[in-house]
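Q: Can you look at this prediction? I've put the sequence above it.
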Amino acid sequence: MNNWSWSYVGEIMPDILRGLWITVQATFYGSLVSFALGLVWALALRAPSRWVTWPVSIFVEFVRNTPLLVQLFFLFFVLPGWGLTFAPLTTGVIGLGLHYSTYTSEVYRAGIDGVPPGQWEAATALSLPRRRIWIAVILPQAFRRVVPALGNYVIAMFKDTPLLAGITVADMLFQANSISATTFDYLEPITVVGVLFVVISYPTSLLLRALERRLVR
């Protein structure tokens with residue numbers, strides 16, 4: 001059984017922290033993609049035309065019901081055969097964003113449905129253009145309701161970033177595995193990565209709970 005070595009931890013921390021920076025980038029940009037696309041899907045699913053709602057609904061259900069790792073492998077290994085090649089981190093961001101957009105779309109839907117009908121009626125009575133109603137009345141109220149839920153998906157995405165190691169993104173887990181493959185000592189690298197996930201995820205979840213309590217007052 002290996003003994004814990006703090007000096008070894010000090011030696012590997014620079015590489016682990018470099019991986020953490022990649023993890024944070026993938027989470028940040030993946031979240032932006034998921035928020036933007038999620039809103040697009042949510043609005044498209046409310047379109048009056050079935051030619052819009054059906055394809056979007058099928059796409060959302062397909063993505064939501066297939067594993068993220070399979071989607072990442074498809075983007076990274078299959079698309080290049082069709083002439084579409086992206087850097088590993090870019091592929092990871094696209095994969096995370098697409099996958100989680102199918103969940104954020106449901107969050108947006110719930111937020112929009114939660115806007116009181118009186119708001120729609122009042123805006124319509126003022127003869128506001130439909131686009132103005134969405135931008136100035138409905139979406140601001142919906143966003144206020146969905147911020148905590150969106151934050152929870154950011155945390156979930158952050159904890160899913162180790163899957164990016166499967167497409168050679170040099171995140172924390174990739175760095176830990178690379179170190180362990182060289183030193184044949186897995187205890188410290190893997191433990192440090194696990195601790196960093198907890199140290200970042202748990203306080204963030206507490207902050208989101210506090211934010212949720214404040215917003216629902």
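A: Thanks, I have it.

Q: how about the helices of the chain, start to end?
A: Per DSSP state H, the chain carries helices over the ranges 6-44, 50-64, 68-73, 88-113, 117-125, 130-132, 139-160, 172-183, 187-215.

Q: nearest to Pro80, of these?
A: Closest of the helices of the chain to Pro80 is helix 88-113, at 9.8 Å (criterion: CB to CB). Where C-beta positions appear, they are placed from N, C-alpha and C, glycine not excepted.

Q: What is that closest one packed up against?
A: Using 3 or more CB pairs under 8 Å, 6 or more residues apart in numbering; DSSP states H and E, the elements in contact with helix 88-113 are helix 6-44, helix 50-64, helix 68-73, helix 139-160.

Q: Redo the ones you listed as JSON lines? Include mean neighbour count, mean pLDDT and distance to Gly97.
A: What follows is the helices and strands packed on helix 88-113, written out as JSON lines (neighbours: other CB atoms under 10 Å; pLDDT from 0 to 100; distance: least, CB to CB, whole Å):
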{"stretch": "helix 6-44", "mean neighbour count": "18", "mean pLDDT": "95", "distance to Gly97": "3"}
{"stretch": "helix 50-64", "mean neighbour count": "13", "mean pLDDT": "94", "distance to Gly97": "11"}
{"stretch": "helix 68-73", "mean neighbour count": "17", "mean pLDDT": "97", "distance to Gly97": "11"}
{"stretch": "helix 139-160", "mean neighbour count": "17", "mean pLDDT": "87", "distance to Gly97": "9"}
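
Q: can you redo those as CSV with distance to Leu173?
A: Converted to CSV, these look like this (distance: least, CB to CB, whole Å):
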stretch, distance to Leu173
helix 6-44, 7
helix 50-64, 23
helix 68-73, 13
helix 139-160, 11
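
Q: can you tell which of those is closest to Tyr103?
A: Once the helices and strands packed on helix 88-113 are compared by CB to CB, helix 139-160 is nearest, at 5.8 Å.

Q: and that closest one, what does it pack onto?
A: With contacts taken as 3+ CB pairs under 8 Å, 6+ apart, helix 139-160 sits against helix 6-44, helix 88-113, helix 187-215.
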